[in-house]
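>>> Here is my input, please return the structure:
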Amino acid sequence: MSAVQRFCVMNLGCKVNRAEADSITAALVAHGAERAGLKEADLVVVTTCTVTSAADAKSRKAVRRAAHAPARPWVIVTGCAVALDDSQFRGISQRVRLLPDKAQALKESLALLNLAAPSNNSPLASRFGAGFNTRASILVQDGCNKTCSYCVVPQARGPARSLPPADILAQFEQALAAGCRELVLSGIDLGAYHAEGLDLPALLLHLFAAGKKIVAASRPLVGSLCAPSKQVAGTLCAPSEQPALDFRVRLSSLEPLSISDALLALMVAHPGRLCAHLHVPLQSGSKSVLAAMCRGYSLDQYTERLLFARRLVPQLALSTDVIVGFPGETDADFEQSLALCRQLGFCRVHAFRYSRRPLTPASELPGQIDSQTMRYRSRVLRTLTGELAAADAARRIGSSEWVLVGTDGLGRSDSYHEVELAVSLRSTLQPGRLYFLRFSGYRNGKLLATAQVPSAAGDRNPTSRPPANAPTGGF
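I've put the predicted structure just below:
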């Protein structure tokens, strides 16, 4: 084993898994370990996913790959797949340790690397800054109380629980101090957040106020969001009135009934600060299939809520998840899903083939769909996704949005589109900062930004400039 202990973290799964994997990485670095590639690592941590049988298979493949790496590393297997069924990882190697609990996984990782165990005197571990993504995932909630008939996540993650506001604020402060300018609030059921009297909209207001103070404490604040008197429901401020934006918040995923009037009012009152993009899982556009999924809402409720949101925030971008091949889904049911996706004008649709998970009610339903039909429906839905993305982008041509600039001439818009920067902009826009840019076209799946719209504070605003060690790439 090398003198400087080296490790690698392999992450599979959702944004929550990503945040937890980054926390393990940060803690190991803070205790003196060094990040390395798989071939050089003395220890590999695999954070697994079990949302589908394909995710289980990918998790097993990752563990086998890690166990047979050239340096013969120790392998720590943690996350949802091992929490739900650790038997699938047994027998891969004697150097594999199965630890569903991530705190125990970290403790064992430190022990295997001959590093001190975590304590009250442990060095501060920040999973933000150099080496991490520009867009920081802030974990605010875990677990789920819902009973969708096809889902094993509640069994793997446990009941819904919300992090204390002070813990969330600490993550928020670390991310801003490290130069992150887009902070993504993540949770298994994000809309279920409720702690110490704060629901999600109240938490957002708390973070907005705290975030502005955090940024202002490090540099004089120049410019602010438009005054309430200048707000018009559903519109951004006029381009000439756009102030410099020091940070923004994005929501990872919300159930339709969690999109409250208070949340939409925040989006109207804080344009730019709260991204005008919502990911709202649909799963099926068929009334009968949706009822069999036990999703807890009707198609009418789903449609009415999203149409209301778009009336209030016309520039709102909507994305979704759709499961194809759920037991009993007919061709007509599938066509209804396609029709609803077109009606609601999603900017992105994630297509998932139904996965028959053990111990779920759906696994016992009649009418299980064959794999060939599922593959066909998935291809059709992916084709539609491309068409919908192009249509949503087309309606944004000629308008302007805040764009988080990354590396290689790319960025990410408020509406979650990938953005290609004109050559003339690439030498003037600094990676890791937010700029108000005008779109002139759409090419190869990317909006084209060709002009910067001056803000009230101009480019001289020091509050949006990241520190020297800030992350500059990786969306």
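>>> mind giving me the domain split of this structure?
For the chain, the domain assignment from automatic domain parsing gives the residue ranges 6-112, 135-394, 400-464.
>>> helix/strand/coil for Cys151?
Classification of Cys151 into helix, strand or coil gives coil, according to DSSP: H, G, I helix; E, B strand; the rest coil.
>>> can you tell me which of the domains of the chain the model trusts least?
Of all those, the segment with the smallest mean pLDDT is domain 400-464, scoring a mean of 85.
>>> Do a quick rundown of the helices in the stretch 351-475 of the chain.
For the stretch 351-475 of the chain, the helices identified by DSSP state H, counting those that start in this stretch occupy 371-394, 423-426, in order along the chain.
>>> Which residue ranges of the protein form helices?
15-30, 53-67, 80-84, 102-112, 153-157, 165-177, 200-218, 261-269, 287-293, 299-312, 331-344, 371-394, 423-426 (DSSP state H).
>>> could these go into JSON lines alongside mean neighbour count?
In this view, the C-beta of every residue, glycine as well, is placed from N, C-alpha and C. Supplementary listing: the helices of the chain in JSON lines, determined by neighbours: other C-beta atoms under 10 Å:
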{"stretch": "helix 15-30", "mean neighbour count": "21"}
{"stretch": "helix 53-67", "mean neighbour count": "18"}
{"stretch": "helix 80-84", "mean neighbour count": "25"}
{"stretch": "helix 102-112", "mean neighbour count": "19"}
{"stretch": "helix 153-157", "mean neighbour count": "19"}
{"stretch": "helix 165-177", "mean neighbour count": "19"}
{"stretch": "helix 200-218", "mean neighbour count": "17"}
{"stretch": "helix 261-269", "mean neighbour count": "17"}
{"stretch": "helix 287-293", "mean neighbour count": "18"}
{"stretch": "helix 299-312", "mean neighbour count": "16"}
{"stretch": "helix 331-344", "mean neighbour count": "17"}
{"stretch": "helix 371-394", "mean neighbour count": "16"}
{"stretch": "helix 423-426", "mean neighbour count": "14"}
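>>> sorry, back to before: okay, the helices of the stretch 351-475 of the chain in CSV with distance to Leu274 next?
Supplementary listing: those in CSV, determined by distance: least, C-beta to C-beta, whole Å:
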stretch, distance to Leu274
helix 371-394, 19
helix 423-426, 25
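>>> is Val44 in a bridge, and if so with what?
Under the criterion DSSP bridges, Val44 forms beta bridges with Cys8, Val75.
>>> Find the nearest non-adjacent residue to Thr25, please.
Val9 (5.0 Å; C-beta to C-beta, 6 or more residues apart in numbering).
>>> got a list of what Val349 touches?
Val349 makes contact with 319-322, 341, 381, 384-385, 388, according to C-beta atoms under 8 Å, 6 or more residues apart in numbering.
>>> Equivalent analysis for Cys80, please.
Neighbour list for Cys80: 13, 17, 48-51, 153, 156-157 [criterion: C-beta under 8 Å, 6+ apart].
>>> One more pass at 7 Å, please.
Contact criterion C-beta atoms under 7 Å, 6 or more residues apart in numbering gives 13, 48-50, 153, 156-157 as the residues in contact with Cys80.
>>> Adding distance to Phe439, write the residues you listed out as a markdown table.
Formatted as a markdown table, the entries for these read as follows, by distance: C-beta to C-beta, whole Å:
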| residue | distance to Phe439 |
| --- | --- |
| Gly13 | 32 |
| Thr48 | 39 |
| Cys49 | 34 |
| Thr50 | 39 |
| Val153 | 37 |
| Ala156 | 41 |
| Arg157 | 39 |
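>>> Take the contacts of Val349 and lay them out in JSON lines including distance to Ala57.
Putting those into JSON lines (distance: C-beta to C-beta, whole Å) gives the following:
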{"residue": "Ser319", "distance to Ala57": "26"}
{"residue": "Thr320", "distance to Ala57": "25"}
{"residue": "Asp321", "distance to Ala57": "20"}
{"residue": "Val322", "distance to Ala57": "22"}
{"residue": "Cys341", "distance to Ala57": "28"}
{"residue": "Leu381", "distance to Ala57": "22"}
{"residue": "Leu384", "distance to Ala57": "27"}
{"residue": "Thr385", "distance to Ala57": "24"}
{"residue": "Leu388", "distance to Ala57": "29"}
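>>> Looking at those residues, which is nearest Gly91?
For Gly91, the closest of the contacts of Val349 turns out to be Asp321, at 33.9 Å, with distances computed as C-beta to C-beta.
>>> residues near that closest one, how many?
15 (other C-beta atoms under 10 Å).
>>> How about Val322?
The burial metric for Val322, expressed as a neighbour count using other C-beta under 10 Å, is 25.
>>> Verify the stated contact: it with Val280.
No - in this structure, Val322 sits apart from Val280 without contact. The criterion is C-beta atoms under 7 Å, and the distance is 11.3 Å.
>>> hmm, back to that, relative to Leu312, how far out is the residue nearest to Thr25?
For Val9, the distance to Leu312 (C-beta to C-beta, to the nearest Å) stands at 41 Å.
>>> right, and the helices of the chain - which one's nearest Val403?
Of all the helices of the chain, helix 423-426 comes closest under C-beta to C-beta, at 9.7 Å.
>>> who's in contact with the nearest residue to Arg305 once chain neighbours are set aside?
Distances taken as C-beta to C-beta, 6+ apart put Pro256 closest to Arg305, at 4.8 Å, once the chain neighbours are dropped. In this structure, Pro256 makes contact with 280, 297, 301-302, 305-306, judged by C-beta under 7 Å, 6+ apart.
>>> what angle do the longest strand anywhere in the chain and helix 371-394 make?
Among the elements of type strand in the chain, defined by DSSP state E, the one spanning the most residues is strand 434-443. Strand 434-443 runs at 120 degrees relative to helix 371-394, counting by axes from the mean of the first three to the mean of the last three C-alpha atoms, to 10 degrees.
>>> Okay, buried residues for strand 434-443 please.
Going by neighbour count (16 or more other C-beta atoms under 10 Å), the buried part of strand 434-443 is 434-439, 442.
>>> In terms of secondary structure, what does that strand contact?
Secondary-structure packing of strand 434-443 (3 or more C-beta pairs under 7 Å, 6 or more residues apart in numbering; DSSP states H and E): helix 371-394, strand 400-405, strand 446-452.
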